[in-house]
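1. coordinates only, no sequence provided:
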């Protein structure tokens, strides 16, 4: 008995390869990534060397990889995954990120990390939401890239205020001392997965904690970077 193909998440046309989630036409029409600094991910003149901002005051992490800016259509898909329980989007979004990571690895000699971690939710917020939107993505990416995924490798020690409702300076104060490393990271190259990086305060704080525990380096993996 033949199974019916699923539809593209954007144009709703049937897919020959259902697990891809997007048809080749919609995939080609996704916004192109602008020239960005390979470290902070913000607009720069060159995408192969660090920008002036990073030379003066670099972030704690060493590299950032993302798919697009925070704009349609990826913005709406991420919001559906995060707030509307559209967990079926996880595999498709993970594949989109994988394509970006493979391009970075080929063109800019990006190394494969040893360990994949996710930005953790506080246990009360995870209970309220019912799921961690990053977990399924991380499991797919760990399998495809061959790096080890530690689902409980990071924990959030205290409940913090919602980040996107705070100004940049308050975000940094809000997160100070909020995260704890629950696995061995000394000497390991870490990939830290988040859905959206805006000011970078969350991934900055976690990267700082990881490096203080002896991590060799930290890559930030995210779907969108606010430019």
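-> Happy to help now that I have it. On a predicted model such as this, the values are computed, not experimentally measured, just so you know.

2. what secondary structure does residue 223 sit in?
-> With DSSP: H, G, I helix; E, B strand; the rest coil as the basis, residue 223 sits in strand.

3. doesn't residue 79 make contact with it?
-> No - using Cβ atoms under 8 Å as the test, residue 223 is too far from residue 79 to be in contact (10.9 Å). Just so you know, the C-beta spots here come from the backbone N, C-alpha and C atoms, and that holds for glycine as well.

4. of these two, which one has the most company?
-> Higher neighbour count among residue 223 and residue 79: residue 223, with 25 against 13, using other Cβ atoms under 10 Å.

5. tell me the phi and psi of residue 194?
-> Torsion angles at residue 194 (phi, psi; degrees, to the nearest 10) stand at phi -140, psi 160.

6. could you list every residue that touches it?
-> Shown in contact with residue 194 (Cβ atoms under 8 Å, 6 or more residues apart in numbering): 118-119, 134, 202-203, 220-222.

7. and those residues as TSV, adding distance to residue 63 and secondary structure?
-> Formatted as TSV, the contacts of residue 194 follow (distance: Cβ to Cβ, whole Å; DSSP: H, G, I helix; E, B strand; the rest coil):
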residue	distance to residue 63	secondary structure
118	17	strand
119	17	coil
134	19	coil
202	17	helix
203	12	helix
220	7	strand
221	9	strand
222	12	strand
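
8. and the strands in this protein?
-> Listed in chain order, the strands found in the chain under DSSP state E are 63-65, 68-69, 115-118, 148-149, 154-156, 179-181, 189-197, 217-225.

9. would JSON lines of these with distance to residue 47 be doable?
-> Converted to JSON lines, those look like this (distance: least, Cβ to Cβ, whole Å):
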{"stretch": "strand 63-65", "distance to residue 47": "11"}
{"stretch": "strand 68-69", "distance to residue 47": "14"}
{"stretch": "strand 115-118", "distance to residue 47": "24"}
{"stretch": "strand 148-149", "distance to residue 47": "28"}
{"stretch": "strand 154-156", "distance to residue 47": "29"}
{"stretch": "strand 179-181", "distance to residue 47": "30"}
{"stretch": "strand 189-197", "distance to residue 47": "17"}
{"stretch": "strand 217-225", "distance to residue 47": "13"}
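
10. mind checking which of those is nearest residue 108?
-> Closest to residue 108 of those is strand 63-65 (Cβ to Cβ; 8.6 Å).

11. for that closest one, name the packing helices and strands.
-> helix 90-108, strand 217-225 (3 or more Cβ pairs under 8 Å, 6 or more residues apart in numbering; DSSP states H and E).

12. which one of these has the lowest average pLDDT?
-> Sorting these by mean pLDDT places helix 90-108 lowest, at a mean of 93.

13. what residues of that helix count as buried?
-> 90-98, 100-101, 104 (16 or more other Cβ atoms under 10 Å).

14. show residues contacting that helix.
-> Helix 90-108 has contacts (Cβ under 8 Å, 6+ apart) with 9, 19-22, 30, 33, 38, 47-48, 65-67, 74, 77-78, 81, 110-112, 133, 136-137, 140-141, 144-145, 221-223.

15. so how far is that helix off the chain centroid?
-> 11 Å (Cα atoms, centre = their mean, to the nearest Å).

16. what's the answer for stretch 211-227, then?
-> 9 Å.

17. for it, measure first residue to last.
-> 25 Å (Cα to Cα, to the nearest Å).

18. report the buried residues of that stretch.
-> Along stretch 211-227, these residues count as buried under the neighbour rule (16+ other Cβ under 10 Å): 211, 215, 217-226.

19. give me the pLDDT value at the residue lying closest to residue 142 once chain neighbours are set aside.
-> Excluding the flanking residues, the one nearest residue 142 by Cβ to Cβ, 6 or more residues apart in numbering is residue 149, at 3.5 Å. pLDDT for residue 149: 97.
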